[in-house]
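>>> next input, structure requested:
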Amino acid sequence: MHTQTYQVAGMFTTGLRWVTGWTYFSAFWRRLVLENKLNPDEAGYIGEKFNHFLPNALGIKPLIENLVSNPESLWWAMLVFTIMEGVVGLLFMLGLWTRLMSIGVFGLALGILLGAGWLGTTCLDEWQIGVLGVAAGFTIFLTGGGKYSVDNCLQRKNRMNKNWGIWIGSGALLLKEKQLSRVVLIGSVIIITLTLFTNQYFHGGVYGRLHNPSVKPHVNISDGRMVNDSLLFTVFRDEGADVYGSFLIGIKLKDEKGNIVFEQTQEQLAALTEAQIKNEYVAKVKAGKHSLVLPLGAKAELVFKNDILRPLKGVYRVELLDISGAIWTHKIVR
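This is a model prediction of the structure:
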């Protein structure tokens, strides 16, 4: 296809390139310039936000879990990821090495889609950002930067090698029209398939019943047991909004008849010590002012000691009460 055709196509997608580039560069700008969100000791640490992706991530859950379990590795990963967003976003807006940067946009968007596509309390926010970023990266790879790009200036001055410059920069792709048509069709089919699949997987948005795991908090309870005078169980907050925690205001241990044999009140939960909360990830379960706070993605073993637990034998049920009124239970056999 003629070079002029690509010039026009790239010119038409200038607004898409600028806006998409800013969405990634702005992440770098917010985290390192406007505020320091790479400080693990301050509220808003990006590592904790990344931890929120964990419960329902698609395909990359083991990678996320490994990182949030190792704070030092997580910090380096967040630093590299932030720098990548800044470089890719800036060069994408400038139209420098446009096609190479479009691959970067595609990869970053895919990572957001798979990791956080299930998050979003009202508009499926992260899923929309992910699928639109994937589509934008693919589209700009095809068109190149066009008239309003640094690539175009370099090519006009013969400062970019014609062959490799086209594949990493801009200009007419070295493909015949029939080949290009196949690339466009196959790429578009793959992207719409990914869009429909993830929309259905995360939210049931294609058929069946809609669901949104970001709306209501949910806590998974596991590994419950009684050892001597101790009651131990693991809590993992796997659903609910990522902007605030689940607030536990009561824990009860009941026998088979429903009688309460051990109880922790709201005030007692707010006074739990760090020794009683064994956190596994960067997002931490912790005692709040009026309750026990469980951020999204946090996982911890809770330990309660009391002499009343020592002689207990049989089947019991531990019951957790959230401030919203939600109740979660787990069976314990001793």
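>>> every contact and neighbour count from this point should use C-alpha atoms.
Fine.
>>> now the helices for the stretch 101-250 of the chain?
125-143, 150-156, 162-168, 177-203 (DSSP state H, counting those that start in this stretch).
>>> give me whichever of those is most buried.
helix 125-143 (a mean of 22; mean count of other C-alpha atoms under 10 Å).
>>> and it, what does it pack onto?
When contacts are defined as 3 or more C-alpha pairs under 8 Å, 6 or more residues apart in numbering; DSSP states H and E, helix 125-143 sits against helix 3-12, helix 14-29, helix 98-116, helix 177-203.
>>> again, only using 6 Å
Helix 125-143 is packed against helix 3-12, helix 98-116, with contacts defined by 3 or more C-alpha pairs under 6 Å, 6 or more residues apart in numbering; DSSP states H and E.
>>> hey, which of the ones you listed is tucked in deepest?
Of these, helix 98-116 is the most buried (mean count of other C-alpha under 10 Å), at a mean of 24.
>>> what inclination does that helix have with respect to helix 14-29?
60 degrees (axes from the mean of the first three to the mean of the last three C-alpha atoms, to 10 degrees).
>>> packing partners for helix 98-116?
Contact analysis of helix 98-116 by 3+ C-alpha pairs under 6 Å, 6+ apart lists helix 71-94, helix 125-143 as its packing neighbours.
>>> let's see it at 7 Å
On a contact count with 3 or more C-alpha pairs under 7 Å, 6 or more residues apart in numbering; DSSP states H and E, helix 98-116 meets helix 71-94, helix 125-143, helix 162-168.
>>> closest one to Lys178 among these?
Lys178 lies closest to helix 125-143 among those, at 14.2 Å (C-alpha to C-alpha).
>>> how distant is that closest one from the center of its chain?
Put simply, helix 125-143 sits 17 Å off its chain's centre (C-alpha atoms, centre = their mean, to the nearest Å).
>>> for it, give the mean pLDDT please.
Averaging pLDDT along helix 125-143 gives 95.
>>> that helix vs helix 3-12, what angle?
Here the directions of helix 125-143 and helix 3-12 differ by 160 degrees (the same axes, to 10 degrees).
>>> now do helix 125-143 against helix 177-203, angle only.
Angle of helix 125-143 versus helix 177-203, following the same axes, to 10 degrees, is 180 degrees.
>>> just checking, what packs against the lowest-mean-pLDDT helix or strand in the chain?
Every helix and strand of the chain was ranked by mean pLDDT, DSSP states H and E. The lowest is helix 162-168, at a mean of 82. Counting contacts by 3+ C-alpha pairs under 7 Å, 6+ apart, helix 162-168 packs against helix 98-116.
>>> send the alpha carbons of the helix it packs on over as PDB?
Provided in PDB are the C-alpha atoms of helix 98-116 (Å, rounded to 0.1, in the frame of the first residue of the first chain):
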ATOM      1  CA  THR A  98       5.500   4.100  17.400                       C
ATOM      2  CA  ARG A  99       5.100   0.500  16.400                       C
ATOM      3  CA  LEU A 100       7.500  -0.800  19.000                       C
ATOM      4  CA  MET A 101       5.700   1.300  21.600                       C
ATOM      5  CA  SER A 102       2.300   0.000  20.400                       C
ATOM      6  CA  ILE A 103       3.600  -3.500  21.300                       C
ATOM      7  CA  GLY A 104       4.400  -2.100  24.700                       C
ATOM      8  CA  VAL A 105       0.900  -0.600  25.000                       C
ATOM      9  CA  PHE A 106      -0.600  -4.000  24.000                       C
ATOM     10  CA  GLY A 107       1.400  -5.800  26.600                       C
ATOM     11  CA  LEU A 108       0.700  -3.400  29.400                       C
ATOM     12  CA  ALA A 109      -3.000  -3.400  28.600                       C
ATOM     13  CA  LEU A 110      -3.100  -7.200  28.500                       C
ATOM     14  CA  GLY A 111      -1.500  -7.400  31.900                       C
ATOM     15  CA  ILE A 112      -4.000  -4.900  33.300                       C
ATOM     16  CA  LEU A 113      -6.900  -6.900  31.700                       C
ATOM     17  CA  LEU A 114      -5.800 -10.300  33.100                       C
ATOM     18  CA  GLY A 115      -4.800  -9.000  36.500                       C
ATOM     19  CA  ALA A 116      -7.400  -6.400  37.300                       C
END
